[in-house]
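S.K.: sequence and predicted structure are below.
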Amino acid sequence: MKKSLLGLSVAAALMSSPSFAEVRINGFASIVGGQTLDDDDTLYGYENDFDMKQESKFALQVSADLQERLSATAQIIARGENDFDAEFEWAYLTYELSDNSQLSAGKMRIPFYRYSDFLDVGYAYRWVRPPQSVYNLTFSTYEGLSYLYNSNIGDWESSLQLMYGAVDDDIAAVTDSDRVEIKDAVGFNWTLSRDWFTARAAYIISEVSIDLSNSDQINNLLAGIESYGFSAQAQDLAIEEDDSYFAAIGFGVDYDNFLFDAEYTEWEIEDSFLAKQRQYYASVGYRIDDWTVHFTYENNDDENDSSELNTIPAQIQTPNGPINVSTNPSDPNAPLLRDATNFVLLSQRAESNTYTIGARYNFHPSAAFKIDVSRFDDDITNTEVELVSMGVDLVF
């Protein structure tokens, strides 16, 4: 990945003379291993052979106070799944408008989830990984602006973040790597907290385009639909400058030694073949000295609306009589385009439940050992996968 001009500017600022900037260097790391319990099973990138590379990571975060309310932050992270190639995860400038508000510009974390700001810092949460039914988007950063305002509303502490920006990157969307452009992403993240209770809501809208050239199945389907002149139906399946939204609500309880967290999210790209996604999790935990034991339930439900089916006619009228709208006009026995389209839409259906029990042991002031045992139940295929994960998270 090429370094952006902003990233280079931030890096230059961070390497300035100490007489101009107070530089702070922090870091975090996760050494994680896991494997599924049955042959041929895969889950979260793990197979039946023990793997310590998939989710391991090392990162450095460098912050510089440039004085006069201006600061610069950069985070460089090396992930095991990317052969530990180091990349700029964050690179942004922040200006304090007042004691309660600040404006940031650059490459930052999108505030999708409650743990978005700490998504890679495993030490910040009790699981080996955040619940994947909810934390399932394959990108987490954007380039743009962020405005943060902290205040008190009665006895409540309020933190309101407004964001605007874009994403242009190769990510796993339809295939393992597709060019995705997200434009005019605008939204908010609002957190309220009081004593032991925290509540959060987020809503983000954007315009999304996904290059489908890596998917022969979708490309051939769209070309076939277009060849019969059904341009509107093809546009309803393609992902070209389509409106999208992401919504989330959640809350957390940290009362004495009792912990409870829950989040619900929805995500949809309208007028596309991708299904609307709904997912949630609920997690309980209990602290016993340096130990935390927990149980988490997750649910995922993806489905296209039934009104999207059968939009392609089975036949059209021609001067020579009706003909089938077929995937292969020269073959009278070829499947209908309507059936092929329905198959693609129905293939987006997903329904699953995940159960995780685990424990965390804070064996050091800056390090924790974790172990999770998860069972993933696919309600569509009636299959289940069991995964054991363990690791050490540390901050420094």
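M.R.: That came through, no problem. Residues are numbered from 1 along each chain as shown.

S.K.: next one: Ala105 from Asp271, what distance?
M.R.: 32 Å (Cβ to Cβ, to the nearest Å). The C-beta positions use only the backbone N, C-alpha and C, and glycine is treated the same way.

S.K.: residue nearest the centroid of the chain?
M.R.: With the centre of the chain defined as its mean C-alpha position, the nearest residue by Cα atoms, centre = their mean is Leu137, 2.5 Å away.

S.K.: contacting residues for that one?
M.R.: 112, 267 (Cβ atoms under 8 Å, 6 or more residues apart in numbering).

S.K.: lowest-pLDDT helix or strand in this protein?
M.R.: Every helix and strand of the chain was ranked by mean pLDDT, DSSP states H and E. The lowest is helix 5-14, at a mean of 47.

S.K.: ok, then the element right after that helix?
M.R.: Next helix or strand after helix 5-14 toward the C-terminus (DSSP states H and E): strand 22-36.

S.K.: neighbouring strands - and their directions - for the helix or strand following that following strand?
M.R.: Using DSSP H and E, the helix or strand that follows strand 22-36 in sequence is strand 57-65. Partner strands and pairing direction for strand 57-65 (DSSP bridges) are strand 22-36 (antiparallel), strand 70-79 (antiparallel).

S.K.: could those be laid out in a markdown table, adding mean pLDDT?
M.R.: A markdown table is the format used below for these (pLDDT from 0 to 100):
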| stretch | mean pLDDT |
| --- | --- |
| strand 22-36 | 97 |
| strand 70-79 | 97 |
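
S.K.: avg pLDDT for the lengthiest helix in the chain?
M.R.: Taking DSSP state H as the criterion, the chain has its longest helix at helix 216-227. Averaged over helix 216-227, pLDDT sits at 94.

S.K.: can you give the distance from it to the centre of its chain?
M.R.: What separates the centre of helix 216-227 from the centre of its chain is 29 Å, taken as Cα atoms, centre = their mean, to the nearest Å.

S.K.: tell me the buried residues in whatever helix or strand comes next after it?
M.R.: Counting by DSSP H and E, the next helix or strand C-terminal to helix 216-227 is helix 231-237. Residues of helix 231-237 classed as buried by neighbour count (16 or more other Cβ atoms under 10 Å): 233-237.

S.K.: same question, stretch 91-99
M.R.: Applying 16+ other Cβ under 10 Å to stretch 91-99 flags 91-94 as buried.

S.K.: tell me the mean pLDDT for it?
M.R.: pLDDT averaged over stretch 91-99 gives 98.

S.K.: what of stretch 106-117?
M.R.: Rounded mean pLDDT across stretch 106-117 is 96.

S.K.: first vs last residue of it, how far apart are they?
M.R.: Using Cα to Cα, to the nearest Å, one end of stretch 106-117 lies 15 Å from the other.

S.K.: show me what the longest helix of the chain is packed against.
M.R.: Secondary-structure packing of helix 216-227 (3 or more Cβ pairs under 8 Å, 6 or more residues apart in numbering; DSSP states H and E): helix 231-237, helix 337-346.
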